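Student: Everything below, folded, please.
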Amino acid sequence: MSALERRRELSARSPRLRALAAAIAPKPSGMVTSMYRAFDGADHLLYLGIANAPRKRLVDHARWSDWAPHTERVAVEWFETRDAAEAAELAAITAERPLFNYAHADPWAASRLTALSVGVPIIEIAAAARENRSVTTQAARASTSSPAPSRTQWTWLLMSPE
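Tutor: Presented below is the predicted three-dimensional model:
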């Protein structure tokens with residue numbers, strides 16, 4: 001599948017995130033940068049990031065991010081400076097451990113994204129994150145229905161940090 005086809009597929013699967021992005025209130029006066037959090041229906045923190053234009057950034061996620069179709073709620077917090085937002089982002093990622101963040105994240109973030117892309121349920125991914133481990137080999141084998149890489153390759157990707 002080409003990058004363009006992949007982007008179209010994710011975008012078509014993410015109408016909820018697009019609607020949530022459109023519903024974000026305008027930037028408050030005097031504020032520069034936002035920190036946004038994306039949650040699934042079970043209130044798992046999927047992703048946390050900062051942006052000067054959170055609506056646009058979330059629409060970008062709807063096009064490119066495997067976690068985007070699972071988003072049911074978005075929370076936005078505004079900061080007066082980019083530096084303040086960056087400091088808050090680092091503290092929040094460290095404390096809250098979003099499931100799919102690469103920046104400042106634990107080494108299993110990449111394996112969780114891979115697991116999500118092959119259909120491992122978020123509940124299993126969240127359990128692995130709580131235990132600071134990769135997604136289990138059994139879950140990877142049970143959910144690998146994609147004809148692309150072999151099960152052995154998926155298992156390696158799921159069990160290998162970064």
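Student: How is this structure partitioned into domains?
Tutor: The chain is divided into the following domains under automatic domain parsing: 1-96, 106-162.
Student: ranking those domains by mean pLDDT, which is last?
Tutor: With a mean of 61, domain 106-162 has the lowest mean pLDDT of these.
Student: immediately after the strand or helix carrying residue 18, which helix or strand?
Tutor: Under the criterion of DSSP states H and E, residue 18 resides in helix 15-22. Remark: after helix 15-22, the chain's next helix or strand is strand 33-39, criterion DSSP H and E.
Student: Can you tell me which helices and strands that following strand packs against?
Tutor: strand 45-51, helix 54-64, strand 73-79, helix 82-96 (3 or more C-beta pairs under 8 Å, 6 or more residues apart in numbering; DSSP states H and E). The way it works is simple: take the backbone N, C-alpha and C, and place the C-beta from them, glycine included.
Student: Residue 125 is nearest to which of the ones you listed?
Tutor: Closest to residue 125 of the helices and strands packed on strand 33-39, according to C-beta to C-beta: strand 45-51, at 9.6 Å.
Student: Which of the residues in that closest one are classified as buried?
Tutor: 45, 46, 47, 48, 49, 50, 51 (16 or more other C-beta atoms under 10 Å).
Student: can you list those residues in CSV and add distance to residue 103?
Tutor: Formatted as CSV, the buried residues of strand 45-51 follow (distance: C-beta to C-beta, whole Å):
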residue, distance to residue 103
45, 14
46, 14
47, 10
48, 9
49, 8
50, 9
51, 13
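Student: between those, which is nearest residue 86?
Tutor: Closest approach between the buried residues of strand 45-51 and residue 86, by C-beta to C-beta: residue 50, at 6.5 Å.
Student: and the closest one, what does it touch?
Tutor: If you count contacts by C-beta atoms under 8 Å, 6 or more residues apart in numbering, residue 50 has them with 33, 34, 35, 36, 82, 85, 86, 88, 89.
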